[in-house]
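Participant: Quick one, fold the following:
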Amino acid sequence: MEQKILLLGNPALYQISPAVTEEDLHELPTIIEDLHDTLMAFRKKYGVGRAIAAPQIGVQKRILYMHIDHPLIFINPRLEFPDAEQMEVLDDCMSFPNLLVKVLRYKRCTLHYTDMEHHACKMELEGDLAELLQHEYDHLDGILAVMRNIDKYSYVWKESPQ
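Facilitator: Just a heads-up that it's a prediction; the model follows:
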């Protein structure tokens, strides 16, 4: 079911989410369905949206949902960075849909996570997908892109689609 996306300033967005535990497993299908429905509704409204973090819909658990060509679910993800090379990007967020901020992200990362079948998985990411997963991962630690803004006096307002 589509859920309300928490907006910039909501205190719940700044909390560190605890890991998904064995006791939480029965809730996963509902949480994943809510993340999917919310992402698809956002995409329909704004024409963008590739991933969402559980805290953005008020679920304080370490769960990320990405849907580009097909859905991918990342439970208890952990990021590693193989090198220090970074890139400057304009970052946006479903929690502040009309605002872009300039941030630095690592160009490459390795994502370790558990899938829905409880298998340990690893994914190597580069470029825009590395940036995307770093952005979503930050939500799990209560960090928003505006907190990583490298140009404290520069924000870009983008127009909403009509």
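
Participant: Distance of the most centrally placed residue in the chain relative to Val89?
Facilitator: Among the residues of the chain, the one closest to the centroid is Glu136, at 2.1 Å (C-alpha atoms, centre = their mean). Remark: distance between Glu136 and Val89 (C-beta to C-beta, to the nearest Å) = 14 Å. Heads up, the C-betas are built off the backbone N, CA and C, glycines and all.

Participant: cool, and Gln15?
Facilitator: Applying C-beta to C-beta, the value for Gln15 to Val89 is 25 Å.

Participant: more crowded one of these two?
Facilitator: Legend: neighbour count by other C-beta atoms under 10 Å for Gln15 and Val89, higher for Val89 (19 against 13).

Participant: My assumption is that that one lies in a helix; please confirm.
Facilitator: No. Counting by DSSP: H, G, I helix; E, B strand; the rest coil, Val89 is not found in a helix; it is strand.

Participant: Check it and give its pLDDT.
Facilitator: Note on Val89: pLDDT of 94.

Participant: Hmm, it is touching Lys107, no?
Facilitator: No. Using C-beta atoms under 8 Å, Val89 is not in contact with Lys107; the gap is 10.1 Å.

Participant: Alpha carbons only: can I get the lengthiest helix in the chain in CSV?
Facilitator: Scanning the chain for the longest helix, with DSSP state H as the assignment, gives helix 28-46. Written as CSV, here are the backbone C-alpha positions of helix 28-46 (Å, rounded to 0.1, in the frame of the first residue of the first chain):
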residue,chain,number,x,y,z
LEU,A,28,9.2,-7.9,5.5
PRO,A,29,6.6,-8.8,2.7
THR,A,30,4.3,-5.9,3.9
ILE,A,31,7.2,-3.5,4.2
ILE,A,32,8.5,-4.4,0.7
GLU,A,33,5.1,-4.0,-0.8
ASP,A,34,4.7,-0.6,0.8
LEU,A,35,8.1,0.5,-0.4
HIS,A,36,7.3,-0.7,-4.0
ASP,A,37,3.9,1.0,-4.1
THR,A,38,5.2,4.2,-2.6
LEU,A,39,8.1,4.3,-5.1
MET,A,40,5.8,3.6,-8.1
ALA,A,41,3.4,6.3,-7.0
PHE,A,42,6.2,8.8,-6.6
ARG,A,43,7.5,7.8,-10.0
LYS,A,44,4.1,8.3,-11.6
LYS,A,45,3.7,11.7,-10.0
TYR,A,46,7.2,13.1,-10.6
